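Undergrad: take this sequence and fold it.
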Amino acid sequence: MAEIFDLFGDPVPANWGQRGRPEHVPNQQNRNRVSLLVAMGWSNARIASALFITQPTLRKHYFSELKFRDVARDRLVAQVGVKLMDGVNSGNVSAIREFQKYLERNDLMLYGQTRQPEKSVPAAKPAKAEKVGKKAAALAAAQQPDAGTPMGELMMRRQQAATAH
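TA: Residues are numbered from 1 along each chain as shown. Below you'll find the model as predicted:
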């Protein structure tokens with residue numbers, strides 16, 4: 001029996017028009033969606049709800065996309081790289097810039113740093129003086145009188161006399 005297709009080219013389920021809900025028919029667009037969502041780290045429950053299907057239906061029809069969960073992100077990144085490389089080969093300047101950023105991100109992932117020459121490290125900054133509170137600053141100022149004023153001169157004489165004895 002020949003398979004029947006609707007106006008959009010999708011196969012029509014066998015029980016179409018009969019009692020009960022027709023079976024979900026996976027198409028390439030939904031397969032691509034599932035692959036993308038798996039690569040983005042979505043859970044099966046979240047993917048199923050995005051496609052308006054149940055989790056058992058997701059596992060039944062999209063098991064081949066779900067089994068590549070471990071490498072899905074790498075496959076997606078590689079696909080983006082291929083598209084960028086196509087743009088670079090065609091001479092697209094913005095694609096060249098994006099491809100350079102793509103390479104830098106890849107190098108960061110592989111080596112933990114960019115392969116660009118290291119920038120000169122500035123000299124170590126001197127340690128900052130410990131901050132003193134208002135009361136401690138006032139107490140320290142009281143111990144160091146200003147010799148330029150008559151009161152400060154008198155206080156200095158008294159301090160010197162106290163330390164001499």
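Undergrad: how about low-confidence regions in this protein?
TA: Low-confidence segments of the chain (pLDDT under 70): 1, 113-122.
Undergrad: what ranges does it have for its helices?
TA: With DSSP state H, the ranges of helices along the chain come out as 28-39, 44-50, 55-61, 63-66, 72-89, 93-111, 134-143, 150-164.
Undergrad: run the chain-centre distance for the last one.
TA: To tie it back to what came earlier, the one meant is helix 150-164. From the chain centre to the centre of helix 150-164 is a distance of 65 Å (Cα atoms, centre = their mean, to the nearest Å).
Undergrad: repeat that for the first one.
TA: When C-alpha coordinates are averaged (Cα atoms, centre = their mean), helix 28-39 and its chain have centres 22 Å apart.
Undergrad: send me that helix as PDB with only the CA atoms.
TA: Provided in PDB are the C-alpha atoms of helix 28-39 (Å, rounded to 0.1, in the frame of the first residue of the first chain):
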ATOM      1  CA  GLN A  28      12.700  16.100   9.400                       C
ATOM      2  CA  GLN A  29      11.900  19.600  10.900                       C
ATOM      3  CA  ASN A  30      11.000  18.000  14.200                       C
ATOM      4  CA  ARG A  31      14.100  15.800  14.100                       C
ATOM      5  CA  ASN A  32      16.200  18.900  13.600                       C
ATOM      6  CA  ARG A  33      14.500  20.600  16.500                       C
ATOM      7  CA  VAL A  34      15.000  17.700  18.800                       C
ATOM      8  CA  SER A  35      18.700  17.500  17.800                       C
ATOM      9  CA  LEU A  36      19.100  21.200  18.500                       C
ATOM     10  CA  LEU A  37      17.400  21.100  21.900                       C
ATOM     11  CA  VAL A  38      19.400  18.100  22.900                       C
ATOM     12  CA  ALA A  39      22.600  19.900  22.000                       C
END
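Undergrad: show me what it is packed up against.
TA: Judged by 3 or more Cβ pairs under 8 Å, 6 or more residues apart in numbering; DSSP states H and E, helix 28-39 is in contact with helix 44-50, helix 63-66, helix 72-89. From N, CA and C alone the C-beta is placed, and that goes for glycine too.
Undergrad: quick one: closest of those to V132.
TA: Closest to V132 of the helices and strands packed on helix 28-39, according to Cβ to Cβ: helix 72-89, at 53.4 Å.
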